[in-house]
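Enquirer: Provide a 3D model corresponding to the input given below.
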Amino acid sequence: MNLELILFIVLATVAVVSSVTMITRPNPVISAVFLVLNFFALAGLYLLLNAQFIAVVQIIVYAGAIMVLFLFVLMLLNTETEYKLFVDKRAIKFFAILVSAFVFIQISYLIFFGRPSRTLTIDEAASVNAGTIQTIGQQLYTNYIIPFEVAGFLLLAATIGALVLAKKKFE
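Expert: Residues are numbered from 1 along each chain as shown. Below you'll find the predicted structure:
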């Protein structure tokens, strides 16, 4: 067993356990914490796939910005009234169990009866290399430098405009 396989098993186990725990917790804030743990495990899986840029974006965008917004919404909502809506809905629970069992059977079939994939072709190996930070940075700063700079100036103008609109009066 090599280190890559051990890391995959550990990260996949963390992702599966944290996702199941996230769904089964009655407290939405605790569920959000397990969702963040799931995001970190997925970022680790992306690193194992040589997609460093997607792993970093997963951490920064999802585990950082989106989860902060999600936690603000959770704090503003009254979740006690929403829990009472599904207390006596047995048909919805039964349907959810059926769908979950069906998906579990499909995944089990793929794991136990699926055949390993063939070796990578040249095009597939090039697509794996395209997700690295070095390749993205090289393309961004050589072929796409003008759109990159335009986007930077637009963000700067938007920031200055937001500051001007937020200021009450000029002195």
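
Enquirer: if I pick residue 34, what's in contact with it?
Expert: Each residue near residue 34 by CB atoms under 8 Å, 6 or more residues apart in numbering is listed here: 18-19, 21-22, 25. Every C-beta, even on glycine, is put in place using the N, C-alpha and C of the backbone.

Enquirer: Going through the residues you listed, which ones are buried?
Expert: Buried members of the contacts of residue 34, counted by 16 or more other CB atoms under 10 Å: 18-19, 21-22.

Enquirer: Any idea how many residues pack against residue 165?
Expert: 7 (other CB atoms under 10 Å).

Enquirer: Secondary structure element holding it?
Expert: Residue 165 is part of helix 145-166, with elements assigned from DSSP states H and E.

Enquirer: Assign residue 5 to one of the three secondary structure states.
Expert: Following DSSP: H, G, I helix; E, B strand; the rest coil, residue 5 is assigned to helix.

Enquirer: Looking at the contacts of residue 34, which are in helices?
Expert: 18-19, 21-22 (DSSP state H).

Enquirer: Let's have those in JSON lines, adding distance to residue 163 and pLDDT.
Expert: Shown next, in JSON lines, are the ones in helices among the contacts of residue 34 (distance: CB to CB, whole Å; pLDDT from 0 to 100):
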{"residue": "18", "distance to residue 163": "39", "pLDDT": "94"}
{"residue": "19", "distance to residue 163": "40", "pLDDT": "93"}
{"residue": "21", "distance to residue 163": "42", "pLDDT": "93"}
{"residue": "22", "distance to residue 163": "38", "pLDDT": "91"}
